[in-house]
Each structure stands twice: as structure tokens, then as C-alpha cells.
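K.L.:
I would like to see how this sequence folds:
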Amino acid sequence: MIGRLRGVLIKKEPPALLVDVGGVGYELEAPMTTFYDLPAAGETVTLHTHLVVREDAHLLFGFAREAQRSLFRGLLKVNGVGPRVALAVLSGLSDGELVRAIQDRDVARLTRVPGIGKKTAERLILDLRDKLDVDVSSPSPSATMSLVTDPASEAVTALVALGYKPNEASRMVRAVSSPGLETEEIIRQALKAVAI
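P.N.:
Numbering: from 1, shown residues only. As a prediction, the model looks like this:
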């Protein structure tokens, strides 16, 4: 099992990352809440990881904080929630927002995340309400990513990877995009606008 990686961040294109660890490039997927905390490409990064082994692939997921990984693992234990849906949940909600939504039994808040319907939201609340033991007291994330490509296009691509339909993702980005915003900030504002 790969539990943690520390290396040079080579590439970050939401939701994918490439980290060089001693000459080996690890491809990972990460929630947007992790992207907000990443350093610039070329800098050293430490990620807590979770490896999902399937018959056709080995998928590695990376998280900025141990609490995020714990929440991801908790989400995977819920019937009907796979890695993609868990990643979407952690991209659409911060650690604290997810914990509060589950503790407050806020079905409406959870169903705003793509891939989460009413039944799944109720199942999340039922299965996780008494099992949450996560420290979410870490500082709030800040956007640090800068890409050479068009940030609005990257934001649309990331939202599609999180489960939104292309037309819906484009509409979300157009609603919040303005010159000078970086990809993470566009995605953050788009997800926040949907959650309101």
C-alpha cells in the first residue's frame, strides 16, 4: 500500500497530478480542495494517498491532509459510493462543510454535489453520522495554481471530470469567470455558486 508520497510536483491539471518521487512519476487524482493547497509546479509536495486496486487499473488518490484521506476512506465504505463520487464530494465540499452537512443531516446540501442523489445523501448521513472522527481544524485553503493554458477551459475540464455535463460546466464557468482568475478560483466559485 502506498500511504504517502513526497516529491516534486511535475504537473497539475485538475483532477490529475504527476509527482516525481526519486525518478518515478506517480499519477494521482485529487479533490479540488487539495488543489487549493498545492505549491507551484517544480516545488516539493507531500500527499497522503489511498490506492484503489481494480481488475483493470490501480488508481492512486492524493490528499493534502490526513483528514481528507480519512473522509475519502469513510465515503468509500458507504454502499453506492465509489472513488469518483467520493472525489466529487470532497471537491464540492470542504472537510468542515462535509462533516457539518452529515452531522446536521443536511440532505439538500449533499445533493448539490454531482453524483449524489437524495437516497445516497441519506445513506451517507446514516452510515457516517456517528463514525466521523476527523480533525477539520486545518487552515482554509488558498488558491496557488497558475497554468499556462486558459484557466476557464481548464475549469470546464475539471468540472466535467467531477461529473458535471459539459454544457452545465461551461455555463457554471461563464457565470463566475473573469479576467485574471486562476483555474482553482474559477472552480471554487463555480462550485460555491451551485451550492448556494
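K.L.:
List phi and psi for the residue nearest in space to the middle of the chain.
P.N.:
Nearest residue to the geometric centre of the chain (Cα atoms, centre = their mean): residue 31, 1.5 Å. Dihedral angles of residue 31 (phi, psi; degrees, to the nearest 10) stand at phi -70, psi 160.
K.L.:
and the gap between it and residue 181?
P.N.:
20 Å (Cβ to Cβ, to the nearest Å). The way it works is simple: take the backbone N, C-alpha and C, and place the C-beta from them, glycine included.
K.L.:
For the residue lying closest to residue 41 once chain neighbours are set aside, list the residues it contacts.
P.N.:
Leaving aside its sequence neighbours, residue 41 sits nearest to residue 9 (Cβ to Cβ, 6 or more residues apart in numbering; 5.5 Å). Neighbouring residues of residue 9 by Cβ atoms under 8 Å, 6 or more residues apart in numbering: 17-19, 38-45.
K.L.:
Would you map out the domains in this protein?
P.N.:
The chain breaks down into these domains under automatic domain parsing: 4-63, 151-195.
K.L.:
hang on, the residue nearest to the centre of the chain packs against residue 62?
P.N.:
No: at 9.0 Å, residue 31 does not count as touching residue 62 under the criterion of Cβ atoms under 8 Å.
K.L.:
Residue 105: neighbouring residues, count only.
P.N.:
13 (other Cβ atoms under 10 Å).
K.L.:
is it true that it lies in a helix?
P.N.:
No: counting by DSSP: H, G, I helix; E, B strand; the rest coil, residue 105 is located in no helix; its state is coil.
K.L.:
re earlier: partner strands of the helix or strand containing the residue nearest to residue 41 and their direction?
P.N.:
Applying DSSP states H and E as the criterion places residue 9 in strand 4-13. Strands that pair with strand 4-13, judged by DSSP bridges, come out as strand 16-21 (antiparallel), strand 44-53 (antiparallel).
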